[in-house]
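# would you be able to build a 3D model of this:
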Amino acid sequence: MRVTAAAAFLVLAGISVFAQGPRQVSLVIANGIVVTVDGTNRVLNPGSVAIDGTDIVAVDTPQNIRRQFRGGDTIDASGQVVMPGLVNTHTHAPMVLFRGLADDLALEEWLTKYIFPAEAKTVSPEFVRAGTRLAALEMIESGTTTFVDQYYFEEEIATETKAAGLRGVLGQTIIQFPVADAKSPVEGLARAEAFIKAFKGDPLITPAVAPHAIYTNDSATLKAARELSMRHGVPTLIHAAETQSEAMTAKERGFSTVVSYLDSLGFLGPGVLLAHAVWVDDADIAVLKSRGAGVSHNPESNMKLASGIAPVTAYLAADVPIGIGTDGAASNNDLDMFEAMRTASLLQKVATSKPTALSANVTLRMATLGGARALGMDSRIGSLEPGKRADLIVVGMGATRQTPMYDPVSQLVYVTRGDDVQTTIVNGTVLMRNRKVLTLDRAAVLRDAKSWAARVSAAVAR
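Okay, the predicted model is just below:
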C-alpha cells in the first residue's frame, strides 16, 4: 500500500488514516419504508434508522446505514413502515376503567350525572395506577409514544408511565369543588406544585398544571394555575371552548368567547394547550396564534358527545400549532390514534365540502410533529431526524385490507389500525417487539382492570 508523506506523518504521530469500520450503535431499524415526517416529508423505500442510546443518529438508505453503523441489536422492518411515534395530545388515562360506562349523552349530562359521581365513589391512587397501566398497554400496542394527560393523583400516573416506558406530559388537575385528591383549589394547586418539583427534569415525564375548564374554575383559580405553571416553566393544560354551553359561561362572565375570556385573564401564551377549541371565531384563532398557544383536536370525542366540529383547516391556515388527541376512553371509547387520524381527516372533508381539506400528509403530520409542536417539544420528538429522541414505531403492512399499498402515507391514515403496530420504541428503548409488550405484564394488567370494572359497577349501582 502506498503511503503519502502526509499520511506517514499522521501514522508516526499516532493518528490512524485508515477507516475504523462501522460505528457501533445500540439499535438499527433496517430495510423498512421510512416515513420521516421531516421538513421535506422524505420517504425512504427502503430505508434504515440508526439509534444510539436515546437518540436517532442517522436516517438513510440501508446501504449507507450498513456502511456507517453496526447495531448491537437489529430489527428487520422489511415490508413494514417505520415512522415517528404518535403524539396523543389529550387523554385522561385512568378513565379507561370507565370505558363504556355512560354512552350516548351530551357532555354536561355525561359529566355531572355519571362521570363525576362515579369518580367520587371509585377514584383512588390504586384505581389510578390500574387505569394508567391499562391505558399504557393500549397506547404501546397502538403506536402512541407520547401522551398528554389531565387527571387526579398525577404522581401515580407519572410513576406508572415511567415504568411502562412511555413519554408523558402529565397535568395535575385543578378544579373548584372537592375531588378525589384535593378538597379545594388551594389544595389542588399545592399538589400540582409538589408534582412539578418531583418530576421536573425527568427524561420521560414533563409535569404540567391542568385547570379543568372555565366552567369548573373561577377566574382567581384559573389565574393562580397559570401563574404556577409560568413560575416553574411547565405547560398549562385546559379544556376550552368544547361546547356551546361553555361558550355561554364566558358570556355570563362578560366575554363573547371562551378564548377572549381566557385572554383577559392573561392566561394564554406559549406552553398553553387548549383541548377541543371547537367554539371559536376568527378573532379567537388570531389571538391563539399571536399568544403562541396550541390546540388539541379531538374529533371522535367531539362527535360522540355532539360537541361540534373544530375549525381545523382555519387553525392550519393561521399556523396555530395543532395536534390530534383521543380524549379519555370514557368518551371515545379507545386510545387508538390511527382511528383518530382517519376521523380527523374525513370530518374536515365533510365539514368543508372539500375532499382536499385535510390530506393524509397533513393529518399524519398533525398526529406526530404537529402534536410535538403544540407541546413545544418539536425539537426533540415528532419526526425521524438525527439528534431527536428515538421515539418511533414499526407498522405492519401485510394485512388483507392493506393490500395493495401504493402510497404508505395514505395507507397509514386511511387504512391502518392500532393493532397493525408491531414494534414501539421510546427514548431508544424497545417497549413492544413483534406485538409482545416488554415493559408490562399484559395478562396481569387486564386481570386487574377487570377486577376494577366489577368494583366500579358495584359502586355506581348504589
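
# care to break this protein down by domain?
Residue ranges for each domain of the chain read 23-84+392-435, 87-374, as given by automatic domain parsing.

# so which of these comes closest to residue 455?
For the domains of the chain, the distance to residue 455 is smallest for domain 87-374, at 6.6 Å, taking C-beta to C-beta. C-beta coordinates here come from the backbone N, C-alpha and C atoms, glycine included.

# tell me how far that closest one is from the chain's mean position?
In terms of C-alpha atoms, centre = their mean, to the nearest Å, the centre of domain 87-374 is found 10 Å from the chain centre.

# how close does the closest residue to residue 369 other than its chain neighbours get to residue 316?
Counting by C-beta to C-beta, 6 or more residues apart in numbering, residue 369 lies nearest to residue 382, which is 3.6 Å off, once chain neighbours are set aside. In this structure, residue 382 and residue 316 are 16 Å apart, going by C-beta to C-beta, to the nearest Å.

# those two: who's more crowded?
Ranked by neighbour count (other C-beta atoms under 10 Å), residue 382 and residue 316 place residue 382 first, with 30 against 18.

# next up, the contacts around residue 97.
Contact criterion C-beta atoms under 8 Å, 6 or more residues apart in numbering gives 122, 127, 130, 131, 134, 449, 452, 453, 456 as the residues in contact with residue 97.

# PyMOL command to pick out the buried ones of those?
When burial is assessed using 16 or more other C-beta atoms under 10 Å, the buried subset of those is captured in PyMOL by this command:
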select buried, resi 122+127+130+131+134+449+452+453+456
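
# farthest-apart pair in the contacts of residue 97, please.
Farthest pair in these (C-beta to C-beta) is 122 and 134. Separation: 14.3 Å.

# coming back round to it: and the gap between the residue nearest to residue 369 and residue 140?
Separation of residue 382 from residue 140 (C-beta to C-beta) stands at 18 Å.

# any stretches of the stretch 151-300 of the chain with poor pLDDT?
When residues are selected by pLDDT under 70, none of them lie in the stretch 151-300 of the chain.

# now the helices: where do they sit in the stretch 51-200 of the chain?
Ranges of helices in the stretch 51-200 of the chain, per DSSP state H, counting those that start in this stretch, are 62-68, 107-109, 116-122, 125-142, 154-164, 185-199.

# same deal with the stretch 351-462 of the chain?
So, for the stretch 351-462 of the chain - with DSSP H, counting those that start in this stretch - the helices run 360-365, 371-374, 408-414, 442-461.

# between the ones you listed, which gets nearest to residue 81?
Per C-beta to C-beta, nearest to residue 81 of these: helix 408-414, 5.3 Å.

# I'd like the helices of the stretch 51-200 of the chain as a markdown table, with distance to residue 83 appended.
A markdown table is the format used below for the helices of the stretch 51-200 of the chain (distance: least, C-beta to C-beta, whole Å):
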| stretch | distance to residue 83 |
| --- | --- |
| helix 62-68 | 17 |
| helix 107-109 | 33 |
| helix 116-122 | 36 |
| helix 125-142 | 13 |
| helix 154-164 | 20 |
| helix 185-199 | 28 |
